[in-house]
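Student: Kindly return the folded structure for what I paste below:
(one chain, ligands or ions: 1)
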Amino acid sequence: MSAPGALAYWYAHHGRHDLPWRRTRDRWAVLVAEVMLAQTQVPRVERVWSGFVARFPTPSDAARAGPGALITAWGRLGYPRRARRLWESAVVIDRSGWPDDLRTLPGVGRYTAGAVRAECDNDPHAIGVDVNVRRVCERVTGTRLTDRDAEHAAARIARPLTGRDRLLSLMDLGALVCSARAPRCGDCPLRRRCATRGTLPPVPRRAAPYAGSFRERRGRVLARLRAGVPVPAGELDHEALASLVVDGLATVVGAQASLPSR
Ligand code: ADE
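Tutor: Next up is the predicted model:
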């Protein structure tokens, strides 16, 4: 069996077709999922995504609800600036509709724009290179790749798949078989054409520890503000609060801190 046919076969049988955000082609719901998944692992996003899109089913609902409501619904997913940018995107879409170039939306980069186009519109030219897709492409070609080169490599590697199936099959292969630390090359549908099969050293972990970090301090302040009642600023970690204000994730009026209303 040729390698591209093998990838399609593997994806049909082993792909993560039951992930909740894969049951919809609604752009807003998929945009929310992709923004969440960009920096947070699948099981944690699974716990939050359904409730989030049920609470804000359309960009108009999100725009009307205000940034504080999105930050609250974001829960403990981390990197809460993403919730604020999502609200800003919702305001733009509510006011002017979806732009042709999704990268003009706040917080939407090359990956997210390509992923939404591929998943929702099945655009044959669209692809998003996330860490999983990049790892597959770099291992198969045996080279480090720029984003653009990885997009071209992905198109070649996944042929004849295009659009949605191309993106999701490569993503799932990277997550389930061509994993960073324990690749299972013997189970890989691309093994016959892979330049580095079984020869790559494991990818070192890069994530910075959360415990004791400034992110953790910000998280503690946000957790108090999420209760929905203004908190005397003097009771809060001053530096962490100041940085949340700069990021538009908190406001201080008088001496009371709360989530932003706009
Ligand atoms: N399905 C669609 N996009 C995804 C992503 N970024 N991670 C995992 N599964 C997905």
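Student: Report the closest residue of the protein relative to the ligand.
Tutor: Proximity of the chain to the ligand (CB to the nearest ligand atom) peaks at L37, 3.6 Å away. Where you see a C-beta, it was placed from the backbone N, CA and C, and this is true even at glycine.
Student: give me every residue that touches that residue.
Tutor: Applying CB atoms under 8 Å, 6 or more residues apart in numbering, we find L37 in contact with 45, 130.
Student: what's it sitting at in phi/psi?
Tutor: Phi and psi for L37, reported as degrees, to the nearest 10, are phi -70, psi -20.
Student: And for the residue lying closest to A223 once chain neighbours are set aside, the neighbour number?
Tutor: By the measure of CB to CB, 6 or more residues apart in numbering, the closest residue to A223 outside its immediate chain neighbours is R76, 7.9 Å from it. Residue neighbour count, defined by other CB atoms under 10 Å, stands at 13 for R76.
Student: Next: G228.
Tutor: For G228, the number of neighbouring residues by other CB under 10 Å comes to 10.
Student: Contacts only, for the spatially closest residue to R139 that is not a sequence neighbour.
Tutor: Leaving out its chain neighbours, the residue that sits closest to R139 by CB to CB, 6+ apart is T196, at 4.8 Å. T196 sits next to 139-140, 142 when contact means CB under 8 Å, 6+ apart.
Student: so where's this protein shaky on pLDDT?
Tutor: Low-confidence segments of the chain (pLDDT under 70): 1-4, 198, 200-206.
Student: What residues does it have near the ligand?
Tutor: When proximity is defined as CB under 6 Å from any ligand atom, the chain approaches the ligand at 19, 21-22, 34, 37, 42, 115, 119, 130, 168, 171.
Student: at 5 Å instead, please
Tutor: The chain comes close to the ligand at residues L37, as judged by CB under 5 Å from any ligand atom.
Student: after the longest helix along the chain comes which helix or strand?
Tutor: For the chain, the helix reaching the highest residue count under DSSP state H is reported as helix 81-96. Beyond helix 81-96 in the direction of the C-terminus, DSSP states H and E gives the next helix or strand as helix 110-121.
Student: can you tell me which residues contact P99?
Tutor: Residues in contact with P99, defined by CB under 8 Å, 6+ apart, are 92, 105.
Student: Doesn't A257 lie inside a helix?
Tutor: No. According to DSSP: H, G, I helix; E, B strand; the rest coil, the state of A257 is strand, so it is not within a helix.
Student: Quick check: closest non-adjacent residue to it.
Tutor: A233 (4.6 Å).
Student: on that earlier part again, and of the contacts of T196, the nearest to Y210?
Tutor: R139 (28.7 Å; CB to CB).
Student: tell me which element the closest one falls in.
Tutor: According to DSSP H and E, R139 maps onto helix 131-141.
Student: Show the backbone phi and psi for the residue nearest to D147 when sequence neighbours are not counted.
Tutor: Counting by CB to CB, 6+ apart, D147 lies nearest to V129, which is 5.6 Å off, once chain neighbours are set aside. V129 has phi and psi values of phi -100, psi 100 when expressed as degrees, to the nearest 10.
Student: unless I'm mixing things up, V129 is touching Y111, no?
Tutor: Yes. In this structure V129 lies within contact range of Y111 using CB atoms under 8 Å: 6.2 Å.
Student: And the helices in the stretch 101-250 of the chain?
Tutor: For the stretch 101-250 of the chain, the helices identified by DSSP state H, counting those that start in this stretch occupy 110-121, 131-141, 147-158, 163-176, 214-225, 238-246, in order along the chain.
Student: what about H14, neighbour count?
Tutor: The number of residues packed near H14 is 15, by other CB under 10 Å.
Student: ditto for the one 5 residues further on
Tutor: Applying other CB under 10 Å, we find 16 residues neighbouring L19.
Student: What residues does it make contact with?
Tutor: By CB under 8 Å, 6+ apart, the residues touching L19 are 42, 46.
Student: and G5, how many neighbours does it have?
Tutor: As a burial measure, the neighbour count of G5 was computed by other CB under 10 Å and equals 13.
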